[in-house]
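**Q** mind looking at a prediction? Sequence and model below.
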Amino acid sequence: MGLLLGVSRLLVYWSVWCGLGFTSAGRALVEALGSPDKNIRSIAGMLLVKSGKRAEPLLLEAAYRRESLPMVLTALGSIGDPAVIPQVRQFTEDENPDVANAAREALKVIQFAAQRRG
């Protein structure tokens, strides 16, 4: 029952953010990227990616604060916007290997998306 409630909460946040424009609901999705439950993290990431460029400012804000960096960088990469390359690139040499790997993978995904659009 806990997972169902958690997913329902994420869907409400996403609907309120996308439908009504409440940034605080979008930030709640970004915060969910740090959930101890991998399913909640994954679903929050999918909803943020589905939101596309609208999610970028919130994800970049979280990256600046170093919150849930591997998940945040992965979401930024999955959105595929080349405009975030400079911000993502700065994490490729991070002292945390998980962060550095996530940044390198995100850059690959962004570059692949750019080639497909190309």
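**A** The structure has been received and is ready for your questions.
**Q** rest of the way, CA atoms for contacts and neighbours
**A** Fine.
**Q** for the protein, which segments count as helices?
**A** Counting by DSSP state H, the chain has helices at residues 2-15, 23-32, 38-50, 56-64, 69-79, 85-89, 97-117.
**Q** and the residue sitting nearest the centre point of the chain, what does it touch?
**A** The residue lying closest to the centre of the chain (CA atoms, centre = their mean) is Ala75, at 3.2 Å. When the contact criterion is CA atoms under 8 Å, 6 or more residues apart in numbering, the partners of Ala75 are 45-46, 48-49, 59, 106.
**Q** what do you get if the cut-off is 7 Å, keeping everything else the same?
**A** 45, 49 (CA atoms under 7 Å, 6 or more residues apart in numbering).
**Q** wait, isn't Met71 in contact with Leu33?
**A** Yes. Contact criterion CA atoms under 7 Å: Met71 and Leu33 qualify, at 6.2 Å.
**Q** I'd assumed Arg41 was in contact with Ser35.
**A** Yes. Using CA under 7 Å, Ser35 makes contact with Arg41 at a distance of 5.7 Å.
**Q** higher neighbour count, those two?
**A** Between Ser35 and Arg41, counting by other CA atoms under 10 Å, Arg41 is the more crowded of the two (20 against 14).
**Q** please consider this matter closed, and thank you.
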